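A.B. asks: test case, fold it:
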Amino acid sequence: MTSSKDTNSPRLGNNSGKDNNSHDLQDDWSNFLSEHAEDFKAIEKSKNAKNFEKYVKREEKRNIKEIKEQEEQARKNAQKNLIREQEEFLSHGPRDNIRSSWLDVDSTMDKYGDDFIPPNPRFNNIRLSIVILWIMLLVGIAGIITSAFIPIIAYIAGSISIVLIIIGGFGLLMIRKDSHNENNEYSDYGKGARV
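C.D. replies: All right, here's what the predicted structure looks like:
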């Protein structure tokens, strides 16, 4: 692409003119310094200049000290982060677990399982009251479902079903609560009190 033709651009001018301008500024500055050399020497020797120089040196020292402290702190933080990352990286394996496994049933039961009652899958010792309460609960649930599909008997069947559900559920909860106390068999420990 071609550039636009700007006739007012200073770049289009003569390069020798630029050199003359910069040369003129340098000459002017050197003339100014030579004319006021005595004033500058007086300012350099003044009390304010010395105080300012001391202040600048103090600030430089303070800044250098702060930079060194920040670098030292950054180095310490980097070391701490590196150590923490290494510990996290090294402690995430399956063999790094120092706690007992859930497979250690004997030690786990000895530690936590004082009131644990294993489930009894045999149905030979079921009490008649438990069977009746389960039947009441199931009949109540079936009655609620039936009353949803047959609106003619919904009022009567729903009322009776709710009563059966409440009695069956409450009875099963109470029997379950009592069965924990009855089935605690600690034959290995004898009949004495456990501490």
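A.B. asks: every contact and neighbour count from this point should use C-alpha atoms.
C.D. replies: Noted.
A.B. asks: what about the helices in the protein?
C.D. replies: Ranges of helices within the chain are 15-35, 37-45, 47-90, 105-112, 128-149, 154-182, based on DSSP state H.
A.B. asks: can you tell me what sits against the fifth one?
C.D. replies: Counting by CA atoms under 8 Å, 6 or more residues apart in numbering, helix 128-149 makes contact with 153-155, 157-158, 160-169, 171-172, 175, all of which sit outside it.
A.B. asks: coming back round to it: reformat the helices of the chain as TSV; add distance to residue 121 and mean neighbour count.
C.D. replies: Below are the helices of the chain laid out as TSV (distance: least, CA to CA, whole Å; neighbours: other CA atoms under 10 Å):
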stretch	distance to residue 121	mean neighbour count
helix 15-35	106	11
helix 37-45	104	11
helix 47-90	45	12
helix 105-112	20	11
helix 128-149	15	17
helix 154-182	15	15
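A.B. asks: out of these, which gets nearest to residue 119?
C.D. replies: Nearest to residue 119 among the helices of the chain is helix 154-182; the distance by CA to CA comes to 11.3 Å.
A.B. asks: thinking again about what came up before, worst mean pLDDT among the helices of the chain?
C.D. replies: Note on the helices of the chain: helix 105-112 shows the lowest mean pLDDT, a mean of 70.
A.B. asks: domain-wise, how is the chain divided?
C.D. replies: As assigned by automatic domain parsing, the chain contains the domains 21-90, 125-180.
A.B. asks: columns distance to residue 107 on top of those domains, output as JSON lines?
C.D. replies: Formatted as JSON lines, those follow (distance: least, CA to CA, whole Å):
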{"stretch": "domain 21-90", "distance to residue 107": "28"}
{"stretch": "domain 125-180", "distance to residue 107": "22"}
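A.B. asks: quick one on the thing from earlier: how about the helices of the chain in JSON lines, adding distance to residue 122?
C.D. replies: As requested, those are exported to JSON lines (distance: least, CA to CA, whole Å):
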{"stretch": "helix 15-35", "distance to residue 122": "109"}
{"stretch": "helix 37-45", "distance to residue 122": "107"}
{"stretch": "helix 47-90", "distance to residue 122": "48"}
{"stretch": "helix 105-112", "distance to residue 122": "23"}
{"stretch": "helix 128-149", "distance to residue 122": "14"}
{"stretch": "helix 154-182", "distance to residue 122": "16"}
